[in-house]
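# no sequence on this one, just coordinates:
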């Protein structure tokens, strides 16, 4: 039963052909088989949101999917955000607003916010708080993350507008 | 925190998934749809199926249709698919309101309505909707198909009357009259947690007198159900705060609350009274 299955994962625009057991979660495959360790693993049962990635543009928990399910999908991780070492607008808003301390939860928050604001660029303050309740942060707390998202919303709107 | 080994199947046809179920039913074979409950249970080794039938590639299950008997929702429709009303019938607004209370945004992107029904968590919002409105389960197996009413489907905590060789292919939810008012209230300690008392109230009035009332309560008992005694309080009377308070009081006595060291039964009864009252007040406000 240790049969390995061939899976073609498209992560951040690059194809990775990997061989995994069916039980391997997507986050483990992204980290161990694709070598992209930016996505962190927290609770491994869907509570903390640390492993949030974008699957075909939608934020999902990558610990609650098996890698074999993700063949053919477009996966984006935190490594897709900065370009040539320059932080993108959302990352810069996090830095400017001290929205992280230890940074462990940050990749999950960044992908959650990236996916949600792509769908809802004019997200309200109440919706931001509801959205962020999805992920856990144990050091900074949430106030600064909320502020960072508000600023990112403005930056995004002014660029669009 | 790693799931036990299993054999993975990803059919693209419904018939093939039913054949796989028939073939492996005796070896603990489970359907994988959104995976937002099953995969955590596998990670915690509370579940260790030997076979997983992933239905995500079966396009025929990714449907939603208004039919004469109601709104048919296929097994691949996810919570977030109801975020915008799926029908102009008041049922669309009801489902949109309810889905906001299910877990969190990324969970709603993956988890499915039928998966929640089959998982039958006592605090499942969709189970409450099916029980309150009188949903009908479309159950398939290689041997044929049958329909079960919600009241005959839910059997206990995370237990349904579905057989090992069967799968829930869809659910039919009845459409509502245009003059229907509804209210939904869920109490939990943190956003997205399992509700400790949840109420869905669906009411119709003529000349401000209640002609039809459905009061469903979830999160307090092994599975959600309608509270007929509380509904009876409203029938034939004016839909106003004093009658609503009386119905809420009856509801809190009508339930047989879970024994839970963290939530004493008296507290749970109080929560149910509050949830029922607030859901009914919302329903009343929606009818003005």
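It's in. From a predicted model like this one, the values you see are computed outputs, not experimental measurements. Numbers count the residues shown, from 1 in each chain, chains lettered A, B, ... in the order given.
# pLDDT averaged over stretch B:226-244 - what is it?
The pLDDT scores in stretch B:226-244 average 97.
# the closest residue to residue A:121 other than its chain neighbours is in what secondary structure piece?
Leaving aside its chain neighbours, residue A:121 sits nearest to residue A:156 (5.8 Å; criterion: C-beta to C-beta, 6 or more residues apart in numbering or on different chains). Glycine gets a C-beta too; all of them are placed from N, C-alpha and C. Taking DSSP states H and E as the criterion, residue A:156 maps to helix A:143-160.
# only the buried residues of that helix, if you could.
A:144-149, A:151-153, A:156 (16 or more other C-beta atoms under 10 Å in any protein chain shown).
# cool, stretch B:41-56 as well?
B:41-43, B:47, B:49, B:51-56.
# which residue packs closest to residue 49, ignoring adjacent ones?
Using chain A. Residue A:49 sits nearest to residue A:135 (C-beta to C-beta, 6+ apart), 3.2 Å away.
# nope, chain B
Closest to residue B:49 by C-beta to C-beta, 6+ apart is residue B:30, at 4.1 Å.
# make sure the one you found is indeed in a strand.
Yes - counting by DSSP: H, G, I helix; E, B strand; the rest coil, residue B:30 falls inside a strand.
# for the chain, what spans make up the helices?
Reading this off chain A. Under the criterion DSSP state H, chain A contains helices at A:26-28, A:89-96, A:106-119, A:125-132, A:143-160.
# um, chain B though
B:14-24, B:38-43, B:90-99, B:105-110, B:113-119, B:125-133, B:150-153, B:228-234, B:241-254, B:265-286.
# isn't residue A:112 right next to residue A:49, touching?
Yes - contact criterion C-beta atoms under 8 Å: residue A:112 and residue A:49 qualify, at 6.5 Å.
# mutual contacts of these two, please.
A:134-135, B:106 (C-beta atoms under 8 Å, 6 or more residues apart in numbering or on different chains).
# who touches residue A:156 in this structure?
A:89, A:117, A:121.
# are any of those buried, and which?
Buried among the contacts of residue A:156 (16+ other C-beta under 10 Å): residue A:117.
# circling back to that earlier point, adding mean pLDDT and distance to residue B:201, write the helices of chain A out as CSV.
Shown next, in CSV, are those (pLDDT from 0 to 100; distance: least, C-beta to C-beta, whole Å):
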stretch, mean pLDDT, distance to residue B:201
helix A:26-28, 98, 40
helix A:89-96, 98, 41
helix A:106-119, 98, 31
helix A:125-132, 97, 23
helix A:143-160, 96, 33
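# make a markdown table from those helices and add distance to residue B:82 to it.
What follows is the helices of chain A, written out as a markdown table (distance: least, C-beta to C-beta, whole Å):
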| stretch | distance to residue B:82 |
| --- | --- |
| helix A:26-28 | 25 |
| helix A:89-96 | 28 |
| helix A:106-119 | 15 |
| helix A:125-132 | 16 |
| helix A:143-160 | 25 |
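# hang on, the earlier thing: which strand residues bridge the residue nearest to residue B:49?
residue B:52 (DSSP bridges).
# what is the burial count for it?
Residue B:30: 21 surrounding residues under other C-beta atoms under 10 Å in any protein chain shown.
# wait, doesn't it sit right on residue B:53?
Yes - between residue B:30 and residue B:53 there is a contact under C-beta under 8 Å: 7.3 Å.
# relative to chain B, how far out is the residue nearest to the spatial centre of chain A?
Central residue of chain A (C-alpha atoms, centre = their mean): residue A:111, 2.9 Å from the mean position. For residue A:111, the distance to chain B equals 9 Å [C-beta to the nearest C-beta, to the nearest Å].
# show me the contacts for that residue.
Per C-beta under 8 Å, 6+ apart, neighbours of residue A:111: A:52-54, A:59, A:76-78.
# now do residue A:98
A:140, A:144.
# next one: residue B:133
Contacts of residue B:133 by C-beta under 8 Å, 6+ apart are B:91, B:150, B:173-174, B:176, B:202, B:214.
# ok so, going back, for residue A:2, find the nearest of the helices of chain B.
Set against residue A:2 and scored by C-beta to C-beta, those come closest in helix B:38-43, at 16.9 Å.
# does any bit of the closest one sit next to chain A?
Yes - interface with chain A: helix B:38-43 contributes B:39-40, B:42-43 (C-beta under 8 Å from any C-beta of the partner chain).
# likewise for stretch B:100-120?
Yes - counting by C-beta under 8 Å from any C-beta, chain A has neighbours in stretch B:100-120: B:104-107, B:109-110.
# can you tell me which of the residues you listed is nearest residue A:126?
Using C-beta to C-beta, those come closest to residue A:126 at residue B:105, 13.5 Å.
# tell me how many other residues crowd that closest one.
By other C-beta under 10 Å, neighbour count at residue B:105 equals 28.
# residues from chain B in reach of chain A?
Residues of chain B lying near chain A (C-beta under 8 Å from any C-beta): B:1-8, B:10, B:32, B:35-36, B:39-40, B:42-44, B:52, B:54, B:56, B:104-107, B:109-110, B:190-192.
# distance of the residue nearest to residue A:121 relative to residue B:198?
36 Å (C-beta to C-beta, to the nearest Å).
# domain parsing for the chain?
I went with chain A, as the question did not name one. Domain assignment for chain A by automatic domain parsing gives A:4-80, A:89-160.
# ah, I was thinking of chain B
Taken from automatic domain parsing, chain B resolves into B:7-54, B:60-173, B:181-286.
# just the terminal-to-terminal distance for the second one.
It stands for domain B:60-173. 19 Å (C-alpha to C-alpha, to the nearest Å).
# same question, the first one
Between the opening and closing residues of domain B:7-54 we find a distance of 11 Å, counting by C-alpha to C-alpha.
# for stretch B:246-264, same thing?
Stretch B:246-264 end-to-end distance (C-alpha to C-alpha) = 23 Å.
# who in chain A is up against chain B?
When proximity is defined by C-beta under 8 Å from any C-beta, chain A lies next to chain B at A:1-2, A:5, A:21-23, A:25, A:28, A:44-47, A:49, A:52, A:58-61, A:63-66, A:68-69, A:112, A:116, A:130-131, A:133-134.
# contact partners for residue 69?
In the absence of a named chain, this looks at chain A. A:26, B:10, B:32, B:35, B:54, B:56.
# try chain B instead
Contacts of residue B:69 (C-beta under 8 Å, 6+ apart): B:136, B:172, B:174.
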